[in-house]
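S.K.: Compute the structure for the input listed below.
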Amino acid sequence: MSTRYEALVSRIHSGQVAILDCGTSTELERRGATMDDQVWSARVSIESFDVLVETHQAYIDAGADVITVNGYASSRLVLGPADLADEVRTINMKNIEAALLARERCGNNNVLVAGSISTELPFTDELRQRAEIHISKEVLFDAFNEMVSFYEDGEVDLVLLEMMSVPSRMLPLFECVSSSRLPVWCGLSAERSDRNATITGYGDQTIPLIDNIQEAVNFGFEGMGIMHSSVDLIGDAIELVKTKHDGLIMAYPDSGYFKSPNWQFEEIITPDRLVQFATQWKQAGTNIIGGCCGLGPEHTAALCNLK
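M.R.: This next block holds a predicted model:
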């Protein structure tokens with residue numbers, strides 16, 4: 001556990017809200033990086049390294065206490081079916097290098113670097129279906145352990161699990177990260193069909209969110225919360241998290257939608273409106289707040305008013 005991580009947790013326990021960055025891939029495309037239909041932003045670290053560094057710098061300059069490695073779509077589960085298996089290590093180590101270099105260039109050694117791991121599969125239907133056929137528990141363990149090893153070797157400050165919602169893939173990931181020497185924050189994704197409906201895991205309305213929360217709680221992660229979920233859902237979902245988890249509480253929503261072939265989001269919440277929601281989450285005990293897809297450095301800067 002790094003001293004900067006311990007220092008941030010100490011500040012949180014003293015009452016300060018920690019600000020997590022917002023959507024890395026969203027900002028990458030805004031800055032001209034090419035998004036790939038199959039692997040989203042995974043190749044940016046080897047195709048547009050400088051843009052990736054500048055994106056992380058933008059979030060640090062906006063006031064983020066934690067920046068996220070561009071690793072959401074860079075595991076072997078995504079890259080392998082896209083015939084990029086030979087580039088897995090290079091892509092991930094360059095991702096880590098970009099985040100660390102951004103911190104160095106900004107001269108703020110207090111900023112934490114979080115290593116993102118998801119259970120994501122390729123983004124096109126054809127490749128996703130092919131990947132699903134060949135997935136086994138052994139394949140999952142190999143892919144997730146590999147990501148953990150990259151982050152341990154790369155000396156990031158913590159592991160950030162993103163969009164946890166599919167038990168068949170998230171539980172093997174939980175097992176892998178539970179043995180890591182790095183602290184783990186777990187971001188669960190949720191949805192509901194209407195205001196009065198049961199909150200469920202994102203993408204599968206047969207699984208109540210509370211069940212996924214309990215599965216995560218069983219592994220004793222230091223931080224837990226709701227991410228890549230709508231702002232009007234987060235508050236209620238956080239209350240469910242609090243019934244099971246007494247550690248650090250996270251909230252980082254997405255906003256808007258995108259139209260293929262572009263990955264640029266439309267109808268995004270304004271920074272001021274986001275702060276209105278985030279103020280309520282803070283009052284309810286949330287102590288790590290950021291943003292996901294659609295949100296950018298301007299939202300990070302606004303959220304810093306909560307510190």
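S.K.: Distance of the nearest residue in space to Ala301 that is not next to it in sequence relative to Leu158?
M.R.: Excluding the flanking residues, the one nearest Ala301 by CB to CB, 6 or more residues apart in numbering is Ala62, at 4.2 Å. All C-beta spots, glycine's among them, are computed from the backbone N, C-alpha and C. From Ala62 across to Leu158, the span is 20 Å (CB to CB, to the nearest Å).
S.K.: need the helices for the stretch 201-307 of the chain, in chain order.
M.R.: Secondary structure of the stretch 201-307 of the chain (DSSP state H, counting those that start in this stretch): helices located at 209-217, 231-244, 271-283, 297-303.
S.K.: of Ala62 and Leu158, who's got more company?
M.R.: Between Ala62 and Leu158, counting by other CB atoms under 10 Å, Leu158 is the more crowded of the two (22 against 19).
S.K.: Does His56 touch Ala99 like I think?
M.R.: Yes: the pair His56 and Ala99 qualifies as a contact (CB atoms under 8 Å) at a distance of 5.3 Å.
S.K.: Can you tell me which of the helices of the stretch 201-307 of the chain is packed in deepest?
M.R.: Stretch with highest mean neighbour count among the helices of the stretch 201-307 of the chain: helix 297-303 (a mean of 23; mean count of other CB atoms under 10 Å).
S.K.: what helices or strands is it leaning on?
M.R.: helix 49-62, helix 271-283 (3 or more CB pairs under 8 Å, 6 or more residues apart in numbering; DSSP states H and E).
S.K.: I'd like to know which of the ones you listed lies nearest to Arg11.
M.R.: Closest to Arg11 of these, according to CB to CB: helix 271-283, at 14.1 Å.
S.K.: okay, the angle between the closest one and helix 231-244?
M.R.: 20 degrees (axes from the mean of the first three to the mean of the last three CA atoms, to 10 degrees).
S.K.: Contacts for helix 271-283, please.
M.R.: 17, 231-232, 234-235, 238, 251, 253, 255, 286, 289, 291, 295, 298-299, 301-303, 305-306 (CB atoms under 8 Å, 6 or more residues apart in numbering).
S.K.: Out of the helices and strands packed on helix 297-303, the one nearest Glu152 is which?
M.R.: helix 49-62 (20.0 Å).
S.K.: And the helix or strand following that closest one, what does it pack against?
M.R.: Tracing the chain past helix 49-62, the next element assigned as helix or strand by DSSP states H and E is strand 66-68. Applying 3+ CB pairs under 8 Å, 6+ apart, one finds that strand 66-68 contacts helix 49-62, helix 88-106, strand 112-117.
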